[in-house]
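Undergrad: sequence first, then the predicted structure:
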Amino acid sequence: DTGVSQDPRHKITKRGQNVTFRCDPISEHNRLYWYRQTLGQGPEFLTYFQNEAQLEKSRLLSDRFSAERPKGSFSTLEIQRTEQGDSAMYLCASSLGLAGGPSSYNEQFFGPGTRLTVL
Amino acid sequence: QKEVEQDPGPLSVPEGAIVSLNCTYSNSAFQYFMWYRQYSRKGPELLMYTYSSGNKEDGRFTAQVDKSSKYISLFIRDSQPSDSATYLCAMSTYSSASKIIFGSGTRLSIRP
């Protein structure tokens, strides 16, 4: 399967613990996105990368959250000192960004998500 | 007030019916308009994409954008039980096309 993959699919943790999620994009895609989705809501944009560079971050991304894409391939999203309000589905997506830059639309392909439960 | 408003449903219709799903939005800078389908425990998948105003048809699906009213629609003809899912409208601006703003989703059920 050559789609976007995410690991783990489910994570249960206790409040105050740190968690890290991994996303592997479609191999030729240079853009990678993180979203958060809570029950009954649509995905909310968190951040996105073009290659290794983190180009945009939402105000939702508090300083307890950090995302990296060190070699422009896979990405990790870490949440430090988790809170119960962090319980959500964390979705990753990737796209092939063409020469048009940030203003060009590129279809984003989503992974299956990592469901986080903070007890 | 959210930038994108969508009736959460649930919406239940008999097989073969025409389904109409709608969203309104407040940001006049939105230029890219999308509809995603999300099955339970899966990530969203893109159904339709439209740039600026107008209609677009793809098989049983038709997307309409009315920028003057800030209103977008998705029509599904000859609905099938396999169309049962959550439908999310989404949009982005020209200057920040990668930052997609989603509606809350409408849960649709097609009764056999």
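TA: On my side now, so go ahead. Not measured: the values here are computed from a predicted model.
Undergrad: can you report phi and psi for residue 53?
TA: Looking at chain A here, since you left the chain open. phi -80, psi 130 (degrees, to the nearest 10).
Undergrad: next: B:P81.
TA: Residue torsions, per degrees, to the nearest 10, at B:P81 are phi -50, psi -30.
Undergrad: around chain A, pick out the residues from chain B.
TA: Contact residues, chain B versus chain A (C-beta under 8 Å from any C-beta of the partner chain): B:4, B:6, B:8, B:32, B:41-46, B:49, B:51, B:88, B:90, B:92, B:94-105. C-betas here are computed from N, CA, C, even on glycine.
Undergrad: tell me, what residue is most central in chain A?
TA: By C-alpha atoms, centre = their mean, chain A has its centre lying nearest to A:W34, at 2.5 Å.
Undergrad: tell me which element that one falls in.
TA: Secondary structure from DSSP states H and E places A:W34 in strand A:31-37.
Undergrad: who does that strand touch, helix- and strand-wise?
TA: Judged by 3 or more C-beta pairs under 8 Å, 6 or more residues apart in numbering or on different chains; DSSP states H and E, the packing partners of strand A:31-37 are strand A:44-50, strand A:75-79, strand A:88-95.
Undergrad: and these, which is most packed in?
TA: Scoring the helices and strands packed on strand A:31-37 by mean neighbour count under mean count of other C-beta atoms under 10 Å in any protein chain shown gives strand A:88-95 as the most buried, with a mean of 24.
Undergrad: whichever helix or strand comes after that one close to chain B?
TA: Moving toward the C-terminus from strand A:88-95, the next helix or strand (DSSP H and E) is strand A:109-110. Yes. Using C-beta under 8 Å from any C-beta, we find that strand A:109-110 touches chain B at A:109-110.
Undergrad: could you identify the helix or strand that succeeds strand A:109-110?
TA: Counting by DSSP H and E, what follows strand A:109-110 is strand A:114-118.
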